[in-house]
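J.: just coords:
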């Protein structure tokens, strides 16, 4: 059985993620899709909850007509001790042959446990990145074209646009502090 693990934060799920998943499914019998940093939310770099990202991914995979018997979606929380994280992941997932991730820390941690790593082929990385999606939302630019339609609907349903914009607003005390430190 060829079963691999993809790890990504997916903040939010975008077309690049779906391309990597589709490409990987051509090479394996089953795919474990780990939603990384599942415990983080309501921050500018991690605005969506683990559950919201599972919902986005589930709907996107259905939209892309990907056979649900070919994948497992598993939220993966970070833990305080990086050297123990791979064991934590292995405890939460079915057995797998290798890990697929563009994250340097993930690659390092799995390499230290002698688990093979594959760098995914990144599709149009300048546009297909969570950072770019969030930037466009903040700047009132077209972000919807970067996401599957089903993910756009989830973001609208959970009021994700408002959340990102609210999180990005600085408090008066932060603005005053920045102003003061920039004058010195």
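T.: Structure received. As the structure is a prediction and not an experimental result, all values here were calculated from the model. Numbering: from 1, shown residues only.

J.: need the contact partners of the one helix or strand residue 54 maps to.
T.: Element membership of residue 54 [criterion: DSSP states H and E] is helix 50-63. Contacts with helix 50-63, where a contact means CB atoms under 8 Å, 6 or more residues apart in numbering, come from 9-13, 17-18, 21, 33, 35, 38-39, 41, 48, 68, 71, 73, 75, 77, 148-151, 153-155, 158, 160. All C-beta atoms are positioned from the backbone trio N, CA, C, and that covers glycine.

J.: which of those residues count as buried?
T.: 9-13, 17-18, 21, 33, 35, 38, 41, 48, 71, 73, 75, 148, 150-151, 154-155, 158, 160 (16 or more other CB atoms under 10 Å).

J.: circling back: give the buried residues for the helix holding residue 54.
T.: 50, 52, 53, 54, 55, 56, 57, 58, 59, 60, 61.

J.: out of these, the closest to residue 120 would be?
T.: Residue 120 lies nearest to residue 57 out of the buried residues of helix 50-63, by CB to CB, at 15.5 Å.

J.: mean confidence score for the helix or strand containing residue 31?
T.: Assessed by DSSP H and E, residue 31 sits inside strand 30-35. Averaging the model's pLDDT scores along strand 30-35 yields 98.

J.: strand partners (parallel or antiparallel) of it?
T.: Sheet pairing for strand 30-35, assigned by DSSP bridges, gives strand 3-8 (parallel), strand 71-75 (parallel).

J.: report all helices and strands that the helix or strand in which residue 156 is found contacts.
T.: When secondary structure is defined by DSSP H and E, residue 156 falls within helix 149-157. Helix 149-157 sits against helix 50-63, with contacts defined as 3 or more CB pairs under 8 Å, 6 or more residues apart in numbering; DSSP states H and E.

J.: just for this protein, where's the confidence low?
T.: 125, 170-179, 184 (pLDDT under 70).

J.: gap between the residue most central in space within it and residue 35?
T.: When CA atoms, centre = their mean is applied to the chain, the residue found nearest the centroid is residue 10 (1.7 Å). Remark: distance between residue 10 and residue 35 (CB to CB, to the nearest Å) = 6 Å.

J.: okay, now residue 91: neighbour count?
T.: Using other CB atoms under 10 Å, residue 91 has 7 neighbouring residues.

J.: touching, residue 164 and residue 135? I think so.
T.: No - using CB atoms under 8 Å, residue 164 is not in contact with residue 135, being 9.9 Å away.
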